[in-house]
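Trainee: here is my input; please provide its structure:
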Amino acid sequence: MFLGRFDGRSTLLVRALMSGASGARRALGVFHRQQRANPDMSLCDFIETLCQDEITCPAPEVRPVTVKPLVCQFPALFKQNLLSFIYLVHSVLPPTTVLHLLKCLSQDPHPNPWITAMTGQLKRSLGANNEEPLCTPLCSQRLKELSQRLGGFSEAGGWAKCLSGQTIGSESQSASGLSEQGTQRKRKGSFVTLDSEGDEEMRQQSKRIKIDICGSECVDAEEQDANEETSGRLERDAPAQTPAVELQPAANSPCDSLPEHIKVSVLQIKELLECQTEWDQSSMDVFKVLNNCDPTQVEVLCSMLRLADLPEQTLPKLCSSVLALSPDLSYSTAATLIKSLLLEKVLSLSEPASRCLVTAVTSLCSHYPRPMCHALIGPVLMEKNIGNQQAELLNRLIEGCLDSHYRLLLLQMTFKIAWTEAVLSIIHSLLDSKPDLNEDVFAQFTEQLVSQSPQFIKSVKFAKMMLTVLTKYSSYVTAAHKHSLSSCLMLNETFLKKSLQAALKRIPQTKC
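Mentor: Residues are numbered from 1 along each chain as shown. Here you go, the predicted model:
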């Protein structure tokens, strides 16, 4: 409900921070991609929006209306991910901006202990409030008692003696028993069951499927290194604090719902996407698994492959393989694939789309126009702050990939959103392409035109669009429309005002 407060780039960060325990890593990946696209971008506007006061009234009959910073309205998990993310990038932020955010978080009436500790650590990193302890008095007392208990051990002494198992009774016996049996260590968070009778090749394949795919979520090398760095800092600087969010075991991963043959195909696709060589026909055949998945399985598959993070130079090869499938993908499968693969890339555009991205979008749109309209073009239109880059890409699709039926569908989508300069260029492109309008749709469009015109009295784009309406669609203009449009044109302050009024006068009043 708060996404409307943020611009397009910041909305992507908010969504990443809301995406579960891995939100900080996801946000870091989004931030790095945005930086690569625009090296001058800053997080200051994002943080400033979080610090804006927001009126809240959770239960008017019990408590009065209060005003708190917007960041305090978000759930605890978002705030934990936000602080982890800020900890990773605070070196490139003005200290005053970070301190302002921390001050806003301190206004939370029910602070989370983890958030409190992380706030203190950030203040220390910024050189503020160095003397404030990171742990509570109770935690400090427990640490002191534990240190006293460990102090009396012999020469090996300390933690090493404690962890060797000589004072922990049954736990040490259990550990000793496991040691005698020669049980191998397993990576944390992975539950791998191997068939002792299987050969080594199947053993390795099973291990790779369970660890590489069924882990909580795959992260790229850059994000993983950053996360490990954060964990190391937190362990050194705040040993008394335990994160509120724990890693979930791999057994609870969504990939457990996938049949084994789909998991194997996912592994093959992942290796193929990482391969730098050309794909042969046998390589392309692995994508046939998409025709054997139901909608839920397709979503899990796309999530496991992290298609949103796929390098753009891989897109043409992937799209060629998908388009070569026979039979064609179902509507739901194509829509899920398009959304996972392209939506975030298009929304994050800050410069003209690359050749690889344009090739991928146009090829899929030509073959799957309906899924493209609902999974990509519609969501892009719904974004409040789309820019000229998104409008330019959508205009390419309108002019080169969509027939009249789908152009009409997109025009009707614009009736449900607030118009901007970028949206005006898209509407103008739709009108120039002459979709199959009928009188009802034109009446709805005219109502929208009149209602939104006051905010565009100085817009040349709006005036040009109006001129297109009055010249190319004059046969649809009734006397009622003419009266409404005449009032609308009276407000226009562009150099096209006289041309618009002349075009309106030339329309004969033949309709009642």
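
Trainee: now do the SS call for the residue lying closest to residue 369 once chain neighbours are set aside.
Mentor: Leaving out its chain neighbours, the residue that sits closest to residue 369 by C-beta to C-beta, 6 or more residues apart in numbering is residue 406, at 5.1 Å. Using the backbone N, CA and C atoms, a C-beta is placed for each residue, glycine as well. Secondary structure, DSSP: H, G, I helix; E, B strand; the rest coil: residue 406 is helix.

Trainee: return the set of buried residues in stretch 494-510.
Mentor: 494, 496, 497, 499, 500, 501, 503, 504, 507 (16 or more other C-beta atoms under 10 Å).

Trainee: following the helix or strand where residue 378 lies, which helix or strand comes up?
Mentor: According to DSSP states H and E, residue 378 maps onto helix 378-382. Downstream of helix 378-382, the next assigned helix or strand under DSSP H and E is helix 388-400.

Trainee: and that next one, what does it pack against?
Mentor: helix 344-347, helix 355-367, helix 378-382, helix 421-432 (3 or more C-beta pairs under 8 Å, 6 or more residues apart in numbering; DSSP states H and E).

Trainee: which residues touch the first one?
Mentor: It stands for helix 344-347. 8, 12, 308, 312, 353, 357, 361, 376, 379-380, 383, 386, 390, 393 (C-beta atoms under 8 Å, 6 or more residues apart in numbering).

Trainee: same question for the second one.
Mentor: Taking contacts as C-beta under 8 Å, 6+ apart, the residues outside helix 355-367 that touch it are 312-313, 315-316, 318-320, 322-323, 328, 334, 338, 341-342, 345-346, 353, 372, 376, 393, 396-397, 400-402.

Trainee: quick check: buried residues in that helix?
Mentor: Applying 16+ other C-beta under 10 Å to helix 355-367 flags 356, 357, 358, 359, 360, 361, 362, 363, 364, 365, 367 as buried.

Trainee: next, the buried residues of stretch 347-354.
Mentor: Applying 16+ other C-beta under 10 Å to stretch 347-354 flags 347, 348, 349, 353 as buried.

Trainee: quick one: contacts for the second one?
Mentor: Each residue near residue 348 by C-beta under 8 Å, 6+ apart is listed here: 8, 9, 12, 30, 33, 34, 37.

Trainee: tell me the confidence at the residue lying closest to the last one once chain neighbours are set aside?
Mentor: Right, residue 37. Sequence neighbours aside, residue 350 is the residue nearest to residue 37 in space, at 4.6 Å (criterion: C-beta to C-beta, 6+ apart). Turning to residue 350, the model gives it a pLDDT of 87.

Trainee: next one: the one 5 residues further on
Mentor: Model confidence at residue 355, given as pLDDT, is 92.

Trainee: check residue 117 too.
Mentor: Here, the pLDDT recorded for residue 117 equals 82.

Trainee: so how far is residue 442 from it?
Mentor: 61 Å (C-beta to C-beta, to the nearest Å).

Trainee: so which of those two has more stuff around it?
Mentor: residue 117 (23 against 19; other C-beta atoms under 10 Å).

Trainee: quick one: that one and residue 28, what's the gap?
Mentor: Residue 117 sits 20 Å away from residue 28, going by C-beta to C-beta.

Trainee: okay, now the domains of this structure?
Mentor: 3-125, 254-436 (automatic domain parsing).

Trainee: residues contacting the residue nearest to residue 369?
Mentor: Counting by C-beta under 8 Å, 6+ apart, residue 406 makes contact with 369, 370, 373.

Trainee: give me the buried entries from these.
Mentor: So, by 16+ other C-beta under 10 Å, the buried ones in the contacts of residue 406 are 369, 373.

Trainee: filter the contacts of residue 406 down to just the ones in strands.
Mentor: Among the contacts of residue 406, no member is found in strands (DSSP state E).

Trainee: just give me the closest of the contacts of residue 406 to residue 88.
Mentor: residue 373 (37.8 Å; C-beta to C-beta).

Trainee: so what's the closest one scoring on pLDDT?
Mentor: 94.

Trainee: before we move on, the earlier item: please identify which of the buried residues of stretch 347-354 is nearest to residue 82.
Mentor: Closest approach between the buried residues of stretch 347-354 and residue 82, by C-beta to C-beta: residue 348, at 19.4 Å.

Trainee: how close does that closest one sit to residue 450?
Mentor: Counting by C-beta to C-beta - residue 348 and residue 450 are separated by 34 Å.

Trainee: with residue 439 instead?
Mentor: For residue 439, the distance to residue 450 - C-beta to C-beta - is 16 Å.

Trainee: compute the number of surrounding residues for residue 326.
Mentor: Residue 326 sits with 6 neighbouring residues when counted by other C-beta under 10 Å.

Trainee: oh sorry, the question was meant for residue 483
Mentor: Neighbours of residue 483 using other C-beta under 10 Å come to 11.

Trainee: could you do residue 455 as well?
Mentor: Count around residue 455 with other C-beta under 10 Å applied: 12.

Trainee: pLDDT wise, what is it at?
Mentor: For residue 455, pLDDT reads 88.

Trainee: same question, residue 458
Mentor: pLDDT, residue 458: 90.

Trainee: wait, doesn't it sit right on residue 494?
Mentor: Yes. Counting by C-beta atoms under 8 Å, residue 458 touches residue 494, with 6.3 Å between them.

Trainee: residue ranges with poor pLDDT in the stretch 401-512 of the chain?
Mentor: 509-512 (pLDDT under 70).

Trainee: quick one: residue 395 from residue 126, how far?
Mentor: From residue 395 across to residue 126, the span is 46 Å (C-beta to C-beta).

Trainee: any idea how far residue 350 is from residue 389?
Mentor: 7 Å.

Trainee: then residue 304?
Mentor: 29 Å.

Trainee: when those two are compared, which one has more neighbours?
Mentor: residue 304 (24 against 17).

Trainee: pretty sure the more buried one sits in a strand.
Mentor: No. Counting by three-state DSSP, one finds residue 304 to be helix, located in no strand.

Trainee: just put the buried residues of stretch 494-510 in CSV and tack on secondary structure.
Mentor: Output for those, formatted as CSV (three-state DSSP):
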residue, secondary structure
494, coil
496, coil
497, helix
499, helix
500, helix
501, helix
503, helix
504, helix
507, coil
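
Trainee: now distance to residue 48 too, for these, in a markdown table please.
Mentor: Output for those, formatted as a markdown table (distance: C-beta to C-beta, whole Å):
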| residue | distance to residue 48 |
| --- | --- |
| 494 | 34 |
| 496 | 38 |
| 497 | 39 |
| 499 | 43 |
| 500 | 40 |
| 501 | 44 |
| 503 | 45 |
| 504 | 45 |
| 507 | 49 |
